[in-house]
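> Predicted model, plus sequence, below.
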Amino acid sequence: MANVAVIGAQWGDEGKGKIVDWLSERADVIVRFQGGHNAGHTLVIDGTVYKLHALPSGVVRKGKLSVIGNGVVLDPWHLVREIEAIRAQGVEITPDTLMIAENTPLILPFHGELDRAREGQTAVAKIGTTGRGIGPAYEDKVGRRVIRVADLADEATLALRVDRALVHHNALRSGLGLEPIDRDGLIAELREIAPQILPFAKPVWRELDQAKREGKRILFEGAQGALLDIDFGTYPYVTSSNVIAGQAATGSGLGPDAVEFTLGIVKAYTTRVGEGPFPTELHDVDGERLGERGHEFGTTTGRKRRCGWFDACLVRQTAATSGMHGIALTKLDVLDGFERIKVCTGYDLDGERLDYLPTASEAQSRCTPVYEEMEGWTESTEGARSWADLPAGAIKYVRRIEELIGCPVALLSTSPERDDTILVTDPFRD
Ligand code: GDP
Ligand code: IMO
Ligand code: MG
């Protein structure tokens, strides 16, 4: 048996959805364990595009079980809309194919309002969030005032939980100049949505324990990227959950030995959406070209992604904090035709060479990237399905990345299409 965790190794949008979908053919259960509908995972199967936000990327494969684990924050109204949209594309979703952990915290409308109100307040407070209430919902979880899926089953409990949350939120809202929350209206809305969510609600930890005992293959689907991790990311410009591989266990209810192979998803260059440091960011024609060729616009918010050269120093760091056994290198085709390609191998801080990004913001801002320059390749790698189809220049680039980050390539992706994927080492090795 081998269970695999898929983790974004940069600032998100590395192509996790495509790789999870590809790997899910080999898995029985696919589990989301953190984040929420701030994620945007794109799959392209025979030209049909599926955009998933809260649903695991395994849903499009028949006969697989998709699971939303307790580490996720879930907007029930969004989920219902997403299920409808995906069903309209011909995908079957039933309580036999989708399970939601009963202890999953809910994102309520006031979480989104608070998120957007704070973002709009002052430049100093702005993170560049997706505005979907992710941070405020996680705050309520650790503040012990969140409403969880199981609370939807009992009207008296639900009213009690709403009152508990409102004590905090109405005080906060008055400070921000927002109207108090309509308590009865909110309870009515929750009662109305409950019957659409509850049929999927299960004690997921038990189901996963059973699956593990039966030797079923579990695929953990990470959202965001390790540089957005609440502890190890570029704080405070991060998301509000742990993104790194350790979270796969706590966000699903399995022990730390549940993950046997951690696969980092690595884009062949770097992108970031929202505010925050980005040492290799480009503001020139090369950056424009990466954005255009890579279609770098957010799946969730449509925002233009910031683009830059590959930062081996940061990926070496995220490979360590997630204990990556291998990587899936994506979007190599976007680099086709570049005459010269740069890779960041470390930073210069006041004349001193660093092989990691310092934690303090002030030191980060004084770091300048140290680059290694490589010759590009003129041939196309788009749609390549075997090593033999890759030009020598591209192979050299891949090998150099492996060396610099200290982690081997297990998979290579050469277009958005599911099957334009090269398997080097099967992460589900038995
Ligand atoms: P995720 O959030 O990590 O799942 O990534 P997104 O779906 O937000 O962004 C990745 C984008 O790149 C999507 O539009 C994918 O269809 C696309 N993509 C994935 N792999 C490749 C690849 O190897 N080459 C190209 N050109 N596009 C890719
Ligand atoms: P996937 O799973 C890229 C970024 C936001 C913002 C910061 C905090 O598609 O890779 P949040 O709404 O989470 O509080 O926003 O995190 N962010 C992402 N960036 N890909 C994502 O998900 C992201 N999810 C959140 O842009 O900078
Ligand atoms: Mg995305």
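The structure has been received and is ready for your questions. Ligands and ions are numbered 1, 2, ... in the order given.
> Neighbours of the residue of the stretch 251-400 of the chain found nearest ligand 2, how many?
Taking CB to the nearest ligand atom as the measure, the stretch 251-400 of the chain has G274 as its residue closest to ligand 2, at 2.3 Å. To be clear about C-beta, it is placed using only N, CA and C from the backbone, and glycine gets the same treatment. Around G274 sit 21 other residues, with neighbours defined as other CB atoms under 10 Å.
> I'd assumed it was in a helix, is it?
No. With the criterion set as DSSP: H, G, I helix; E, B strand; the rest coil, the secondary structure at G274 is coil rather than a helix.
> what's the pLDDT at M1?
According to the predicted model, the pLDDT of M1 comes to 53.
> Now do the SS call for the nearest residue to S24 once chain neighbours are set aside.
Nearest-residue entry for S24: G58, 4.0 Å, with adjacent residues in sequence omitted and distances by CB to CB, 6 or more residues apart in numbering. Assigned state for G58: coil (three-state reduction, three-state DSSP).
> if we can go back for a sec, what sits closest to the residue of the stretch 251-400 of the chain closest to ligand 2 if chain neighbours are left out?
For G274, the nearest residue in space outside its immediate sequence neighbours is G128; the separation is 2.8 Å by CB to CB, 6+ apart.
> Just the pLDDT at that neighbour, thanks.
In the predicted model, G128 carries a pLDDT score of 95.
> Let me see the contact set for the residue nearest to S24.
By CB atoms under 8 Å, 6 or more residues apart in numbering, the contact list for G58 reads V20, D21, S24, A27, V29, I30, K64, L65, S66, L219, E221.
> Now with 7 Å, please.
For G58, the residues meeting the contact criterion (CB atoms under 7 Å, 6 or more residues apart in numbering) are V20, S24, A27, I30, K64, S66, L219.
> The lengthiest helix in the chain - contacts with which helices or strands?
Of all the segments of type helix in the chain, defined by DSSP state H, the longest one is helix 155-176. Contacting helix 155-176 under the criterion 3 or more CB pairs under 7 Å, 6 or more residues apart in numbering; DSSP states H and E are the following elements: helix 183-197.
> before we move on, back to that, which SS state does the residue nearest to G274 fall under?
Reduced to three states with three-state DSSP, the structure at G128 is coil.
> hey, what's the spatially closest residue to L290 that is not a sequence neighbour bridged with?
Spatial nearest neighbour of L290, chain neighbours left out: C307 (4.0 Å); criterion: CB to CB, 6+ apart. When bridges are assigned using DSSP bridges, the partners listed for C307 are T271.
> isn't C307 right up against R293?
No. If you go by CB atoms under 7 Å, C307 and R293 don't touch, sitting 9.7 Å apart.
> Next, the contact list for the residue nearest the centre of the chain, please.
The centre of the chain sits closest to A223, judged by CA atoms, centre = their mean, with a distance of 1.7 Å. By CB under 7 Å, 6+ apart, the residues touching A223 are R32, Q34, G35, A39.
> Repeat the analysis, applying 8 Å as the threshold.
Applying CB under 8 Å, 6+ apart, we find A223 in contact with G8, G12, K16, R32, Q34, G35, G36, N38, A39, H41, V243.
> from those residues, which ones fall inside helices?
Those of those lying in helices (DSSP H): K16.
> Excluding chain neighbours, what is closest to L178?
Leaving out its chain neighbours, the residue that sits closest to L178 by CB to CB, 6+ apart is A117, at 6.2 Å.
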